[in-house]
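A.B. asks: model this:
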Amino acid sequence: MKHLTQITTVLILAIFMVSCSNGQNKPADGSIAENVNVEEFSKHTDQAQILDVRTPEEWNEGIIEGAVMANFYEADFETQIAKLDKSKPVTVYCKSGGRSGKTMARMAELGFKEIYNLNGGMGAWKSANKPTVKP
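C.D. replies: Okay, the predicted model is just below:
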């Protein structure tokens, strides 16, 4: 009986943790900062500013059409992203999702209202056979 109670407790905690960690950050001010998959990301690219935070070398391998570059590693990175319109949606990506995830969090702190980070980055985009263009 004790073993069954422990298993039940673990399952309840696991369900609670999964339901609370859905990859989204919805601040109290109503803004949106979400990690999204390729399909969800592509739904937003038509009406959003598209931000590529990869290096120039990565950028030259191909970009999502309409993207602007702000190299995550540059000293003026924050100045570059501050040039975007905070009131308009932003989609952000990098090579695998790490740099763009950090960028999304920083943009939320800076007051951007709607930000979507591409989970898996350009690797996921290409794996889904989504189009890229040469800059």
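A.B. asks: And the closest residue to Q49 other than its chain neighbours, its phi and psi?
C.D. replies: Excluding its sequence neighbours, the residue lying closest to Q49 (CB to CB, 6 or more residues apart in numbering) is V90, at 4.8 Å. The C-beta positions use only the backbone N, C-alpha and C, and glycine is treated the same way. Backbone torsions of V90, given as degrees, to the nearest 10, read phi -130, psi 130.
A.B. asks: Bridge partners for V90, pull those for me.
C.D. replies: Q49, I115 (DSSP bridges).
A.B. asks: burial measure for it, as a count.
C.D. replies: 23 (other CB atoms under 10 Å).
A.B. asks: Just the pLDDT for it.
C.D. replies: Turning to V90, the model gives it a pLDDT of 98.
A.B. asks: List the residues that contact it.
C.D. replies: 48-51, 84, 107, 112, 114-116 (CB atoms under 8 Å, 6 or more residues apart in numbering).
A.B. asks: Turn the buried ones among these into a named ChimeraX selection, would you?
C.D. replies: Listed next is the ChimeraX selection for buried residues among the contacts of V90, using 16 or more other CB atoms under 10 Å:
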select :48,49,50,51,84,107,112,114,115,116
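A.B. asks: G97: which of the contacts of V90 is nearest?
C.D. replies: Y116 (11.8 Å; CB to CB).
A.B. asks: residues in contact with that closest one?
C.D. replies: Residues in contact with Y116 (CB under 8 Å, 6+ apart) are 32, 34, 36, 40-41, 44, 48, 89-92, 104.
A.B. asks: Let's see that with 7 Å instead.
C.D. replies: 34, 36, 41, 44, 91 (CB atoms under 7 Å, 6 or more residues apart in numbering).
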